[in-house]
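Engineer: pasting the sequence and the predicted model now:
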Amino acid sequence: MQQTLAKYQYQSGFGNTFESEALKGALPKGQNTPQNCPMGLYAEQLSGNAFTVPRHTQQRSWLYRTRPSVCHTPLVPYSKDTLLVDVNHLNANPNQLRWKPFPIPERSHDFVDGLVTICGSGHPSVRHGVVVHIYTANKDMSTERRSFYNSDGDFLIVPQQGTLDIQTEFGYMEVRSGEICVIQRGICFSVNIPDGPSRGYILEIFGSHFRLPDLGPIGANGLANPRDFLSPVAAYDAEPTTPINPPPTFTKINKFLGKLFSATQNSSPYNVVGYHGNYVPYKYDLALFCAVNSVTYDHLDPSIFTVLTAPTNEPGVAAADFVIFPPRWLVQENTFRPPYYHRNCMSEFMGLIRGVYEAKKEGFLPGGGSLHSCMTPHGPDTDTFNAAIKAELKPAKIPDVALAFMFESSLIFGISDYANKNFIDDDYWKCWQGLQDNFNKSS
Ligand SMILES: O=C(O)Cc1cc(O)ccc1O
Ligand SMILES: [Fe+2]
């Protein structure tokens, strides 16, 4: 039966338990595993954590599909070269690091073949750690019937250039630059690039899942509001009515302990006619972020701009926070308004989606990145400092064209060979060398 609904349709609400049927009646009523599921579908549970975790952290979905995921050939090591590296192979480098925009290679490559590991810490085998990757692509995955799933952790994807058209087992998501999506461990997906060559950032987490930060005295509203998170409605690839002989080959690529494996199957992995549950991919438009900040004095910590957090077991300590520096009004009086100089026990990987970041007048470019590791000093460059101490403190808008973000982690990152050698801005350290000793010198 043909689907007549629009391709991108969503249900809203962070962490909700959803129900969705691409065909009415696909979900069994009142139970998960009847002797025979409606329409001859197979019931398959996808668990995002141990069955026995406290109820408020439990994440699982039930998928009703034309064939179960297990119908594939044995997984074998992936045959192509990859720049994805296992976190065992990272280098120590305590410097302030800045990367020029990571180029989109000319060679024909899709999202999976365009994954490049930059930095990270921990290991998926112990379910603790985070890794930052860059993706680039100049080719769709679906034309070659390729799909991907990650056994190691969840992907938070931040498109920088190009819209992503993502088919998942749960349905389709369109994720534009300025939006983000989260695709959790185990979920099969394929990335297409309707705008052509595309690039973006990925934060992979091996431990807990992302959640919204607590709001404390801010109250019940603000920052990223739960209703603005969108999850796809069920959609499936209809099998052709005339059987194709031999049947088409679908390739499933799996990331497992940092290595890629592949298997084939002769029917689409996107065969879920209905699902229910709360382990579902989602997207969020960063333009909807409701920023809260000082309206009196001082520059507050960037944790006020946390969109999503992946906690550790230690209260208040995140394995990773996803923080944005959104367009907003600055109104603080008698205040040095750019970020303060600091040394941080956390690791700060920053990326730029568009525009200019408020602490760096030059050199930090869209599609590039920077890393300030544990206790590595950093702060505004010389020009930004000199301008800020003379600035007239009238209300000022960080313009809508600016959108920087930070992946902040309590772990100490190592750097991949690739990132340690390529596209490094060797002159980065110089941006602070013009800062003068103004001690006892009247300005
Ligand atoms: O280093 C950075 O640019 C990120 C950052 C921004 C800010 O406003 C305060 C602290 C901080 O680490
Ligand atoms: Fe910082």
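Structural biologist: Okay, I see it. Ligands and ions are numbered 1, 2, ... in the order given.
Engineer: quick one: the helices in the chain?
Structural biologist: Secondary structure of the chain by DSSP state H: the helices cover 382-388, 417-421.
Engineer: measure stretch 150-168 end to end?
Structural biologist: Criterion CA to CA, to the nearest Å; first-to-last residue distance in stretch 150-168 is 13 Å.
Engineer: from the chain's centre, how far out does that stretch sit?
Structural biologist: Between the mean C-alpha point of stretch 150-168 and the mean C-alpha point of its chain there is a distance of 6 Å (CA atoms, centre = their mean, to the nearest Å).
Engineer: what are the contacting residues of stretch 134-141?
Structural biologist: Contacts of stretch 134-141 with the rest of the structure, by CB atoms under 8 Å, 6 or more residues apart in numbering, involve 102-106, 108-112, 114-116, 118, 147-148, 157, 162, 190-193, 196-202, 369. Every C-beta, even on glycine, is put in place using the N, C-alpha and C of the backbone.
Engineer: and if we set it to 7 Å?
Structural biologist: 102, 104-105, 108-112, 114-116, 118, 147, 190-193, 196-202 (CB atoms under 7 Å, 6 or more residues apart in numbering).
Engineer: so which of these also contact ligand 1?
Structural biologist: Filtering these for proximity to ligand 1 (criterion: CB under 6 Å from any ligand atom) leaves nothing.
Engineer: returning to that earlier point: residue 251 is nearest to which of the helices of the chain?
Structural biologist: Each of the helices of the chain was scored for nearness to residue 251 using CB to CB, and the closest is helix 417-421 (24.7 Å).
Engineer: the contacts of stretch 134-141 in strands, which ones?
Structural biologist: Where those overlap with strands, as defined by DSSP state E, the overlap consists of 115-116, 118, 147, 190-192, 198-202.
Engineer: quick check, nearest of the residues you listed to residue 127?
Structural biologist: Scanning the ones in strands among the contacts of stretch 134-141 for proximity to residue 127, where the rule is CB to CB, the winner is residue 202, at 18.2 Å.
Engineer: identify the residue nearest the closest one in space, chain neighbours excluded?
Structural biologist: The spatially closest residue to residue 202, leaving aside those adjacent along the chain, is residue 133, at 4.2 Å (CB to CB, 6 or more residues apart in numbering).
Engineer: wait, what's in contact with the one you found?
Structural biologist: Residues in contact with residue 133 (CB under 7 Å, 6+ apart) are 115-118, 202, 204.
Engineer: buried among the contacts of stretch 134-141? Need that as a selection in PyMOL.
Structural biologist: Selecting only the buried members of the contacts of stretch 134-141 in PyMOL, with burial defined as 16 or more other CB atoms under 10 Å, works like this:
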select buried, resi 102+104+109+110+111+112+114+115+116+118+147+190+191+192+193+197+198+199+200+201+202
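Engineer: how close does residue 260 get to residue 146?
Structural biologist: Distance from residue 260 to residue 146, counting by CB to CB, to the nearest Å: 12 Å.
Engineer: need the residues touching each of those two.
Structural biologist: Overlap of the contact sets of residue 260 and residue 146 (by CB under 7 Å, 6+ apart) consists of residue 253.
Engineer: now the closest residue to ligand 1 within the chain. Nearest residue, chain neighbours left out?
Structural biologist: Proximity to ligand 1, evaluated over the chain using CB to the nearest ligand atom, is greatest for residue 339 at 3.4 Å. Residue nearest to residue 339 in three dimensions, not counting chain neighbours: residue 359, with 4.7 Å by CB to CB, 6+ apart.
Engineer: mind listing what the residue nearest in space to the middle of the chain touches?
Structural biologist: Using CA atoms, centre = their mean, the residue of the chain that lies closest to the mean C-alpha position is residue 156, 1.6 Å off. Counting by CB under 7 Å, 6+ apart, residue 156 touches 180, 182, 202-203, 210, 308, 322.
Engineer: contacting residues for residue 248?
Structural biologist: Applying CB under 7 Å, 6+ apart, the residues near residue 248 are 145, 266.
Engineer: please redo it, this time with the cut-off set to 6 Å
Structural biologist: Residue 248 is in contact with no residue at all, counting by CB atoms under 6 Å, 6 or more residues apart in numbering.
Engineer: next one: it from residue 70, what distance?
Structural biologist: Going from residue 248 to residue 70 by CB to CB gives 19 Å.
Engineer: again, but for residue 42
Structural biologist: As for residue 42, its distance to residue 70 is 9 Å (criterion: CB to CB).
Engineer: more neighbours: which of the two?
Structural biologist: Shown here are residue 42 and residue 70; by other CB atoms under 10 Å, residue 42 has more neighbours (16 against 8).
Engineer: number of residues surrounding the residue nearest to that one when sequence neighbours are not counted?
Structural biologist: With CB to CB, 6+ apart as the measure, residue 68 is the residue that lies nearest to residue 42, at 4.6 Å, once sequence neighbours are left out. Neighbours of residue 68 under the rule other CB under 10 Å: 13.
Engineer: one step back: between the ones in strands among the contacts of stretch 134-141, which is nearest residue 51?
Structural biologist: If you rank the ones in strands among the contacts of stretch 134-141 by distance to residue 51 using CB to CB, residue 147 comes first, at 26.1 Å.
Engineer: the closest one pairs with what?
Structural biologist: For residue 147, the beta-bridge assignment (DSSP bridges) gives partners residue 252.
Engineer: for the remainder of this discussion, apply numbering that starts at 44.
Structural biologist: Renumbered: residue one is now 44, and that last one reads residue 190.
Engineer: got the residues of the stretch 44-193 of the chain near ligand 1?
Structural biologist: Applying the criterion CB under 6 Å from any ligand atom, no portion of the stretch 44-193 of the chain neighbours ligand 1.
Engineer: run through the stretch 44-193 of the chain and note the low-pLDDT ranges.
Structural biologist: Residues of the stretch 44-193 of the chain that meet the criterion pLDDT under 70 lie in 44-48.
Engineer: all the strands of the stretch 294-443 of the chain, in order from the start?
Structural biologist: Counting by DSSP state E, counting those that start in this stretch, one finds strands in the stretch 294-443 of the chain at the ranges 302-308, 315-320, 325-328, 349-354, 361-368, 371-373, 390-397, 412-415, 439-441.
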